[in-house]
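J.: from the sequence below, what's the structure:
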Amino acid sequence: MAKAKVKVTVQPLADRVVVKPLDESEQMRGGLYIPDTAKEKPSQGEVMAVGPGKISDEGARLEMDVKVGDKVLYGKYSGTDVTLAGNEYLILRESDILAIIP
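T.: Okay, the predicted model is just below:
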């Protein structure tokens, strides 16, 4: 079954990025199930929207390093959780993104 792509109707400003956290597996390697209350906040997700970039001190717009569709790792307690059209997202600064993953 194919996943439907969700279009985000929010445009982040400056160097902010909208990320949809990826669901972690509910079962551990040993076969134990983890209840929702004990799960840690995911620290990887998919970029859903990207701002235009920060403006430098010289007035030039700095290009963003991430783009829509990138899978990224971010700091565990980074950003702000928001709910848009019933879906959970995270809005964070590009500097809070630690890496792009394949």
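
J.: and the contacts of stretch 79-93?
T.: Here stretch 79-93 makes contact (Cβ atoms under 8 Å, 6 or more residues apart in numbering) with 6, 8-10, 12, 15-21, 45, 48, 74, 78, 96. For every residue, glycine as well, the C-beta is placed using N, CA and C.

J.: try 6 Å
T.: Residues outside stretch 79-93 that contact it (Cβ atoms under 6 Å, 6 or more residues apart in numbering): Asp15, Arg16, Val17, Val18, Val19, Lys20, Ser78.

J.: dump the residues you listed into JSON lines; add pLDDT and distance to Leu90 as well.
T.: What follows is the contacts of stretch 79-93, written out as JSON lines (pLDDT from 0 to 100; distance: Cβ to Cβ, whole Å):
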{"residue": "Asp15", "pLDDT": "94", "distance to Leu90": "15"}
{"residue": "Arg16", "pLDDT": "95", "distance to Leu90": "10"}
{"residue": "Val17", "pLDDT": "96", "distance to Leu90": "9"}
{"residue": "Val18", "pLDDT": "95", "distance to Leu90": "7"}
{"residue": "Val19", "pLDDT": "95", "distance to Leu90": "5"}
{"residue": "Lys20", "pLDDT": "94", "distance to Leu90": "8"}
{"residue": "Ser78", "pLDDT": "89", "distance to Leu90": "8"}
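
J.: what's the most distant pair in those residues?
T.: Comparing all pairs in these by Cβ to Cβ, the longest separation belongs to Asp15 and Lys20, at 18.5 Å.

J.: just give the nearest non-adjacent residue to Ile101, would you?
T.: Among residues not flanking Ile101 along the chain, Lys71 sits closest, at 4.9 Å (Cβ to Cβ, 6 or more residues apart in numbering).

J.: what is the burial count for that neighbour?
T.: Number of residues near Lys71 (other Cβ atoms under 10 Å) recorded here: 15.
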